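1. next come a sequence and a model predicted from it.
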Amino acid sequence: MKRIKYIWIGILFTVFHPHLLADQKMENITMKTAVIFNTLCSKCHEGECSGRLSFDTGSQAASSHIKRYTADVNLSKSEIESFFSLLNYMKTECALWMPNNEKYNTGDLSRFVLPSFKGYFIPLGVLRQGEYHIDMKMKEDIHFKIEIISDHFDHLLNISVCPDRKKDILKFTTDNDVNLFLRIKSRQPLHIIDLELKKDN
């Protein structure tokens, strides 16, 4: 009888362990939601949300806040729940998250762009120590902001770019192996025709 009791305790712990439930929620987050969140909502980690959001009250209590900052009043209930899970993860784990980022080829940029085309969040994967540069071809000649950021918010590049200078300054160095993301923001729609990451040494 004791053995059966311990087996049931083990099953209950496995099924209801909060970390496992959190992992399941994260797995259900779509690429679209993650790109919007990581492009528009990352500053929440830096204190802009302060203590106003309580994770104990659930996603519904934060729905108006999420709609306001994502500039989308038509978000579905499941999308709001996904945003809430990402915000919770960012606050508690101090890290960025993208679904299956190691499996995606960045050749198809349509998955990593905001619906407005005013921002991109592109997983670069785990890069080894070395010097890198990014070659970009864009439809528009406009100013934009570009960041190379690790999954733990370390910036390797964080600059505003003039159209005629991007070849000179889109360079960065990694001192160790690190999981990196490329984040681009602009005030006008920006259509990237081609993007290539190259290692210099």
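-> Done, it's in. Residues are numbered from 1 along each chain as shown.
2. which helices and strands does the helix or strand where Asn179 lies pack with?
-> If you go by DSSP states H and E, Asn179 is part of strand 178-185. In this structure, strand 178-185 packs against helix 31-40, strand 119-127, strand 144-150, with contacts taken as 3 or more CB pairs under 8 Å, 6 or more residues apart in numbering; DSSP states H and E. Using the backbone N, CA and C atoms, a C-beta is placed for each residue, glycine as well.
3. redo that, cut-off 10 Å
-> For strand 178-185, the elements it packs on are helix 31-40, strand 119-127, strand 130-138, strand 144-150, strand 155-161, strand 192-199, judged by 3 or more CB pairs under 10 Å, 6 or more residues apart in numbering; DSSP states H and E.
4. now those in JSON lines, with distance to Phe83 and mean pLDDT?
-> Formatted as JSON lines, the entries for these read as follows, by distance: least, CB to CB, whole Å; pLDDT from 0 to 100:
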{"stretch": "helix 31-40", "distance to Phe83": "6", "mean pLDDT": "89"}
{"stretch": "strand 119-127", "distance to Phe83": "14", "mean pLDDT": "93"}
{"stretch": "strand 130-138", "distance to Phe83": "28", "mean pLDDT": "91"}
{"stretch": "strand 144-150", "distance to Phe83": "19", "mean pLDDT": "93"}
{"stretch": "strand 155-161", "distance to Phe83": "23", "mean pLDDT": "91"}
{"stretch": "strand 192-199", "distance to Phe83": "25", "mean pLDDT": "90"}
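5. would you turn those into JSON lines with mean neighbour count and distance to Tyr89?
-> Listed next are the helices and strands packed on strand 178-185 as JSON lines, based on neighbours: other CB atoms under 10 Å; distance: least, CB to CB, whole Å:
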{"stretch": "helix 31-40", "mean neighbour count": "22", "distance to Tyr89": "10"}
{"stretch": "strand 119-127", "mean neighbour count": "21", "distance to Tyr89": "15"}
{"stretch": "strand 130-138", "mean neighbour count": "15", "distance to Tyr89": "27"}
{"stretch": "strand 144-150", "mean neighbour count": "20", "distance to Tyr89": "16"}
{"stretch": "strand 155-161", "mean neighbour count": "15", "distance to Tyr89": "20"}
{"stretch": "strand 192-199", "mean neighbour count": "13", "distance to Tyr89": "26"}
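6. as CSV, the ones you listed with distance to Ser85 would be great.
-> Output for the helices and strands packed on strand 178-185, formatted as CSV (distance: least, CB to CB, whole Å):
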stretch, distance to Ser85
helix 31-40, 9
strand 119-127, 17
strand 130-138, 30
strand 144-150, 20
strand 155-161, 25
strand 192-199, 28
